[in-house]
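**Student:** Kindly return the folded structure for what I paste below:
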Amino acid sequence: TNKNERSHRNERRLGSRKCLLIHDSTFDGFDSNKFTRQFDITTLSIKKVAYAAKSKLLKEKVEKERPECIYIHLGLHDIISSQPEDVIKSFKDLLDVLLNITYASICFSSIVPTSSDEQLNKKINIVNGEVKKMITSARKADEDLKDVLFTYCNDSVGWLNKKTVEGVILSDRGKKTMWIKLVDGIRKTLRLDRPKFNRNSHSNSRSRSSQINSNND
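**Tutor:** Numbers count the residues shown, from 1 in each chain. Sure thing, here's the model as predicted:
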C-alpha cells in the first residue's frame, strides 16, 4: 500500500463509527478496505467462544481500540465439538468479560445453520435460542442495557452453508451475504435509525455484569 492510498483510507474513515468484529472462519476473508465507509472495523479472529472468554488478546484489543460496537460471530466450531450447554456457558462467560471491560454496544450474531445436517442444526438452534434468552434476560435485569445488548439472526443464510466431510463450508455467495448482514447488524447495534442514546448515566460495568449473573443463575 502506497502513501497516497493510506492517506485516502485515513481520510475516508474520519468520523466513521469504530467497531470490533470478533469472528471465526466465517469472516476470515473480510477486508475492511472493501467495506462500507460508514464504519471503521478492526477484526479479531478467534476459533471458539471458549477461547474468546479467556483471551488476553481480546481484552487488550478492546482496551486499545475502544470501539463503539463489538460484533461477535462465533460458536460453530464450539458446537461441532461440544455439547450445547457448554457452548452456552462460554457465551455467558464472554458477555461477562465484555461487560467488565467496555461500555461498547454488543451484538451476538447467531450461528448459521446448515443445509445438510439436521442433528447439528438441532444443537445450533438450542444455542442460538439460549443466547437470545441470555440477552433478553440481561436487558430486563438492567435498564441501561436495553440500548447496549443485541442479537442478530442469520437463519436465512443456512441454505448456503453445507456440512461436508471437510467441515462446514459457507459458499462464496453465503460469505457475501454475511457481509451485507454485518452492515445491517452493526447499524442495528448502534441504533443509527433511532435518536442518539446518552450513555453518560451508566453505572460501572462491573456492577452491571454482577447484576446480570445473579439474574441468570
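
**Student:** contact partners of the strand or helix carrying residue 182?
**Tutor:** For residue 182, the host element (DSSP states H and E) is helix 172-190. The contact list for helix 172-190 (Cβ atoms under 8 Å, 6 or more residues apart in numbering) reads 17, 19, 21, 26-27, 29-30, 35-36, 38-39, 68-69, 71, 73, 105-107, 109, 112, 150, 152, 154, 157, 160-161, 170, 193. Bear in mind the C-beta positions are built from the backbone N, C-alpha and C, glycine included.

**Student:** and it, how far from the chain's centre?
**Tutor:** 11 Å (Cα atoms, centre = their mean, to the nearest Å).

**Student:** From residue 47, how far off is residue 85?
**Tutor:** Separation of residue 85 from residue 47 (Cβ to Cβ, to the nearest Å): 20 Å.

**Student:** oh sorry, the question was meant for residue 169
**Tutor:** 16 Å.

**Student:** how about residue 41, secondary structure?
**Tutor:** Classification of residue 41 using DSSP: H, G, I helix; E, B strand; the rest coil returns strand.

**Student:** what residues are up against it?
**Tutor:** Applying Cβ under 8 Å, 6+ apart, we find residue 41 in contact with 19, 20, 21, 30, 32, 35.

**Student:** Most neighbours out of those, which is it?
**Tutor:** In terms of neighbours by other Cβ atoms under 10 Å, the contacts of residue 41 top out with residue 19 at 26 neighbours.

**Student:** Show me the beta-bridge partners of that one.
**Tutor:** Under DSSP bridges, the beta-bridge partners of residue 19 are residue 41, residue 69.

**Student:** which residues sit in contact with it?
**Tutor:** For residue 19, the contacting residues are 39, 40, 41, 42, 67, 68, 69, 70, 71, 186, by Cβ under 8 Å, 6+ apart.

**Student:** can you do 10 Å?
**Tutor:** 32, 35, 38-43, 65, 67-71, 104-105, 107, 182, 186, 189-190 (Cβ atoms under 10 Å, 6 or more residues apart in numbering).
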